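J.: got a sequence here, can you model it:
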Amino acid sequence: MSRRRALVRYLAARLALVPVMLWLIASLVFLLLRVAPGDPVDAVLGTRAPEATRAALRSQLGLDQPLPQQYGQFLVDLLRGDLGESLNSQEPVGRIIGQSLPASMELGLTALLLAALLGLAVGFSGIARPEGKLDLSGRLYGIGTYALPPFWAAMVVQLIFAVWLGWLPVGGRFPPTLLPPQGSGFYLLDSLRSGLATGQWQQLGGTIRHLLLPAGTLALLLSGIFTNALRLNLRRALGSDYVEAARSRGLGEARVVLRHALPNALLPVLTITGITVASLIGGALLIEVTYSWPGIAARLQEAIAQRDYPLVQGIVVVVAALVVLVTVVVDLLVALLDPRIRF
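T.: Numbering: from 1, shown residues only. All right, here's what the predicted structure looks like:
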């Protein structure tokens, strides 16, 4: 079987598993919400509302139906792409997600880029002298940043750079004194486009100032993953036969590292990048809450507190779909770039 046909079969098998994974995730969140303590009717009306009003709302929301019937209706609506309406705001869940998701994606992608640059730089810095001071410092950095509690790190960074030094805003996504940029919902792109069109760069400056602290904090927490991955894989690559063969041909050490060892060491890092996307969700929740960032993670925290079943279910399903899609794309890229992989 040719490699191309094997790759197509591998991709088809991965894509076939996507609906199954999403069904399992959606079913799990549906059941967990129903067995968790708390009543969405109490969250909407309060505990002192008349029983007739409570019964009417319960019937309107479909919560008076048997659990299997609720589950079946949930799956039917999900297959139709209908995520329902928020119990509290009565807005379509799809619209709420569409308004909040760009903020989280902008924060997450910026943090992921910064984490990769910082982590790879630290991991690469100690390769000249293994077990030297730089290598030991990089190892401690990778372990320390990965072990930092996100909420504690966010508060410390916020306290230093926003409160004590006053260099950056404490929280929020955009200065309240300016009109936010209009367009895609990605403020960096929208403010950059507006600046190029008008020559006014206040929106871009305000966007960057508000993005630096949350994105930098999240990048710091994730960078240790890249540091450890590059350090371990680069050391393994430098001890391999093909690197020794390149050295025996008289190639300089810098060329051996950059042309032969580094490309092979970066392939596992690409796989880790896909896994790190899932880590962004847990970290982003605490970061968004601490910095009052109006993203999807903060909306999920609010929805859980308010027992907003449709909003929680919709957010979890959409985020899970994005994570699964990213992991499939990363696996496909690794398979295309690494001819050693067999399917």
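
J.: for the residue nearest to the spatial centre of the chain, which non-adjacent residue is closest in space?
T.: Against the mean C-alpha coordinate of the chain, by CA atoms, centre = their mean, the closest residue is Leu280 at 3.3 Å. The spatially closest residue to Leu280, leaving aside those adjacent along the chain, is Gly108, at 4.7 Å (CB to CB, 6 or more residues apart in numbering). All C-beta atoms are positioned from the backbone trio N, CA, C, and that covers glycine.

J.: just to revisit the earlier point, helix or strand for the residue nearest to the centre of the chain, which one?
T.: When elements are defined using DSSP states H and E, Leu280 is found to belong to helix 262-290.

J.: chain center to that helix: distance?
T.: 7 Å (CA atoms, centre = their mean, to the nearest Å).

J.: helix or strand right after it?
T.: The helix or strand immediately downstream of helix 262-290 is helix 296-305, counting by DSSP H and E.

J.: tell me the buried residues in the next helix or strand after that next one?
T.: Elements were assigned by DSSP H and E; along the chain past helix 296-305, the next helix or strand is helix 309-337. Neighbour-count burial for helix 309-337, with 16 or more other CB atoms under 10 Å as criterion, is recorded at 309-324, 326-328, 330-331, 334-335.

J.: ok, now stretch 213-233?
T.: Buried positions in stretch 213-233, judged by neighbour count with 16+ other CB under 10 Å: 213-231, 233.

J.: stretch 101-115 too?
T.: 101-108, 110-112, 114-115.

J.: so of those, which ones are in helices?
T.: For those, membership in helices holds for 101-108, 110-112, 114-115, with DSSP state H as the criterion.

J.: picking that back up, for the residue nearest to the centre of the chain, give me the pLDDT.
T.: Looking at Leu280, its pLDDT is 72.

J.: just to revisit the earlier point, so the helix holding Leu280 versus helix 296-305, what angle?
T.: For helix 262-290 and helix 296-305, the angle between their directions (axes from the mean of the first three to the mean of the last three CA atoms, to 10 degrees) works out to 50 degrees.

J.: helix 262-290 to helix 309-337, inter-axis angle?
T.: Put simply, helix 262-290 runs at 170 degrees to helix 309-337, going by the same axes, to 10 degrees.
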